[in-house]
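Asks: model this:
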Amino acid sequence: MEEPRVFDTSPVRLELEAGTYWWCACGRSQNQPWCDGTHKGTGITPVETVCEEAKAVSMCNCKMTKNPPFCDGAHKPLREAAE
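Replies: Modelled structure (predicted):
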């Protein structure tokens with residue numbers, strides 16, 4: 001299994017409508033933070049996210065969160081290392 005790629009060192013804040021979403025866990029999608037199928041062959045699978053009602057969320061873009069697909073601050077050390 002390949003390692004996820006860091007897409008960005010900042011989360012993305014979104015207003016999600018009720019529904020089912022597929023979060024990109026590999027970091028390769030060109031439609032971040034959503035899966036576009038480019039994970040095929042990596043051994044990494046997207047994460048299904050179901051919103052029962054509309055809500056604001058912070059989606060992880062570094063792919064290192066321990067609470068996928070939501071940001072847990074895992075990007076902070078990555079951002080500091082890049083500075």
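Asks: List the buried residues of the lowest-mean-pLDDT helix or strand in the chain.
Replies: Ranking every helix and strand in the chain by mean pLDDT, DSSP states H and E puts helix 75-82 at the bottom, with a mean of 86. Using 16 or more other C-beta atoms under 10 Å as the test for burial, helix 75-82 gives residue 75. Placement of C-beta: from N, CA and C, glycine included.
Asks: centre of the chain versus that helix, how much separation?
Replies: Between the centre of helix 75-82 and the centre of its chain there are 16 Å (C-alpha atoms, centre = their mean, to the nearest Å).
Asks: Residues in contact with that helix: which ones?
Replies: Residues outside helix 75-82 that contact it (C-beta atoms under 8 Å, 6 or more residues apart in numbering) are 6, 8, 9, 10, 11, 60, 61, 62, 64.
Asks: How many neighbouring residues does the nearest residue to residue 60 once chain neighbours are set aside have?
Replies: Spatial nearest neighbour of residue 60, chain neighbours left out: residue 71 (4.7 Å); criterion: C-beta to C-beta, 6 or more residues apart in numbering. Residue 71 has 22 neighbouring residues, counting by other C-beta atoms under 10 Å.
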